[in-house]
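Let's see this in three dimensions:
(chains A and B)
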Amino acid sequence: MKKIMVCIKRVVDYNVRVRVKPDGSGVMLDGVKMSVNPFDEIALEEALRIKERGTNVEVVAVSIGVADTQQQLRTALAMGADRAILVQTDTAIEPLIAAQTFLALAKKENPDLVLLGKQAIDDDANQTGQMLAAIWERPQATYASKVEVADGKATVTREVDAGLETIEIDLPAVVTVDLRLNEPRYVKLPDIMKAKKKPLDVTSLDALGIAAGALLKTVKTEPPSLRQKGIIVKDVPELVDVLKKKGLI
Amino acid sequence: MPKILIVGEHDGKTLNPATLKCVTCAAAIGEAEITIALLGADTAAVAAQAAAVHGVHHVQRVDRPENAHPLAAIFAPQIVALAADYTHVFGPSTSFGKDLTPRVAALLGVPQVSDLMAVESAYRFKRPIYAGNAIITVEADPARKLVATVRVASFEAAALGGTATIETKTVVATLPTHTRYVGSKSGSTDRPDLQTAAKVISGGRALGSAENFKILFSLAAKMNAAVGASRAAVDAGYAANEMQVGQTGKIISPELYIAIGISGAIQHLTGIKDARTIVAINKDGEAPIFEVADVGLVGDLFQIVPELERLV
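Predicted coordinates:
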């Protein structure tokens, strides 16, 4: 294991309650706090732990996004990534294009392992890792809750609907991570200062030979339909009564 | 005419109900020819179940030893080969479908629409983003194959009463050997399945410990309900991860959902908003869960839950 590539997405912070624009053209993003996608943060933490266990593993954080995505990559560097690459674009990137871009980076960087979150909390697509693995023609292990790397292989425990599944995959491979894999470290101030000196290269989709464009057209954005506010009952017998009347018990 | 290939989910014995919901979604497209593809070591029993689903025209079986476990890297090239004759490929938005279908889409060189929640036409759908805080309508290019996962909570299960043909297919596809199944560990098997149960009782951080969660299991046993948990309760170690309900856990649509000691973060609400009736029990009358609950009861869950168990 020499190199791990961690894919990071800049997303609206987990704590922001996103609202739809009144004209239905999208969601309101002006001035909202942006962060590293929480699942990608877990992916980075896992890469750092593998690095700390092993010898001479380089961790490269990569992202695709607007110029300000440098902030999230600096956070990644402060957490412990060795260097970062930003593929700068103002175009919204769909998962398939993201996968193609990460493939171009993987071909340059030749990582043994690509780690990323199982989904981004903005589009909730849950596609990019699987798509990268497909076009890279390499194994995928999604929803990882445990990753063990040894002898050119990874043994990954996956969180599936029925419980846990363990698979063994040959490296290089793509692993997408779930919440319980680890708890990401806090960044300390000296690390933030150190991160400013770490290399952060900026490149473009053009330079990587990627044609950006919308494959899917979003024609409307609307708020979810709200449930009607219900009733408050005073005690358990009244609750049981209501449920019986509804035929639920 | 749309020709829709649904990747059937099963465990070798039983067709997963998520597949029936995909059929309902596919049927909503209108005048579609619907095929369920079943990959497995021996899919005879499951094929008979799939053929009996109303609205299904064909069932295709691909039986081979490599298909004994649903590994995306093994299944995807076979689905791609089967997909040649189809306009649409659907999978359920379960951990099985979410793992597999993006790999299929990428091999086909097409985008995927995740979590279809409503069908407007064969190439126009609604899906949630931002944990369900916004719903977008997306249009795909009819010139491309459409690959999608179906948000199972948004659709009823298709009824029985079909008489589909069953065909055994031989798929020519090179299967990789770089991905190997090691083993599985399932959590609770004696209780109703969370994803499909008519009644679900969920607990939050207010339960305080894994030990205290037992009062929910006891109530659930009496009510024949499945037990779920909020992310906070799972993170705190009170409940197993496969019990998690919400944006990053399971999205469910039971007839009755009882949220106990759950404050109601948006990430949790997105997993339950299709429930027919939501009951909230919480000591904080201002908790956001009461905004979506049909019936609310403010009080101490440690008194309410045992009393509820006596009275139901």
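
was I right about residue B:78 contacting residue B:174?
No: applying CB atoms under 8 Å, one finds residue B:78 not in contact with residue B:174, separated by 10.1 Å. From N, CA and C alone the C-beta is placed, and that goes for glycine too.

chain center to stretch B:208-224, what's the gap?
Computed by CA atoms, centre = their mean, to the nearest Å, the chain-centroid distance of stretch B:208-224 equals 24 Å.

ditto for stretch B:139-149
On CA atoms, centre = their mean, the centre of stretch B:139-149 falls 21 Å from that of its chain.

So residue A:130 sits against residue B:95, correct?
No: Residue A:130 is beyond contact range of residue B:95, at 11.9 Å (criterion: CB under 8 Å).

what sits in contact with each of those two?
Applying CB atoms under 8 Å, 6 or more residues apart in numbering or on different chains, one finds that residue A:130 and residue B:95 are jointly contacted by residue A:142.

who has more neighbours, those two?
Each of residue A:130 and residue B:95 has its neighbours counted (other CB atoms under 10 Å in any protein chain shown); residue A:130 has more, 28 against 23.

quick one on the thing from earlier: of residue B:78 and residue B:174, who's got more company?
Between residue B:78 and residue B:174, counted using other CB under 10 Å, the more crowded position is residue B:78 (22 against 6).

What sits closest to that one if chain neighbours are left out?
Closest residue to residue B:78 apart from its sequence neighbours, by CB to CB, 6 or more residues apart in numbering or on different chains: residue B:171 at 4.6 Å.

give me the element the one you found is part of.
For residue B:171, there is no host helix or strand (DSSP states H and E).

my read: it touches residue B:81, true?
Yes: here residue B:171 reaches residue B:81: they are 4.7 Å apart, a contact under CB under 8 Å.

Now the common contact residues for these two.
Counting by CB under 8 Å, 6+ apart, nothing touches both residue B:171 and residue B:81.

Mind giving me the packing neighbours of the helix or strand that residue A:154 is a member of?
Using DSSP H and E, residue A:154 maps to strand A:153-160. Other elements packing on strand A:153-160 under the criterion 3 or more CB pairs under 8 Å, 6 or more residues apart in numbering or on different chains; DSSP states H and E are strand A:140-150, strand A:163-170, strand A:173-177, helix B:95-108.

rerun that using 7 Å as the cut-off
strand A:140-150, strand A:163-170, strand A:173-177 (3 or more CB pairs under 7 Å, 6 or more residues apart in numbering or on different chains; DSSP states H and E).

Out of those strands, indicate the one that is most buried.
Neighbour counts (mean count of other CB atoms under 10 Å in any protein chain shown) averaged over each of these peak at strand A:173-177, with a mean of 28.

hmm, that strand touching chain B?
No: Strand A:173-177 lies apart from chain B when judged by CB under 7 Å from any CB of the partner chain; the minimum separation is 7.6 Å.

Run through the helices of the stretch 51-200 of chain B in chain order.
Using DSSP state H, counting those that start in this stretch, the helices of the stretch 51-200 of chain B run over B:72-82, B:95-108.

Single out the most deeply packed of those helices.
In terms of average neighbour count - mean count of other CB under 10 Å - the standout among those is helix B:95-108, at a mean of 27.

which outside residues touch that one?
If you take CB atoms under 7 Å, 6 or more residues apart in numbering or on different chains as the criterion, helix B:95-108 is touched by A:96, A:99, A:126-127, A:130-131, A:133-135, A:140, A:142-143, A:160-161, B:7, B:9, B:70, B:72, B:75-77, B:79-80, B:83, B:89, B:91, B:111-112, B:145, B:147, B:149.

now that helix against strand A:173-177, angle please.
Angle, helix B:95-108 to strand A:173-177, by axes from the mean of the first three to the mean of the last three CA atoms, to 10 degrees: 140 degrees.

roughly how far apart are the residue nearest to residue B:78 and chain A?
17 Å (CB to the nearest CB, to the nearest Å).

How about residue B:251?
Taking CB to the nearest CB, one finds residue B:251 at 10 Å from chain A.

which residues does that residue contact?
B:151, B:153, B:271.
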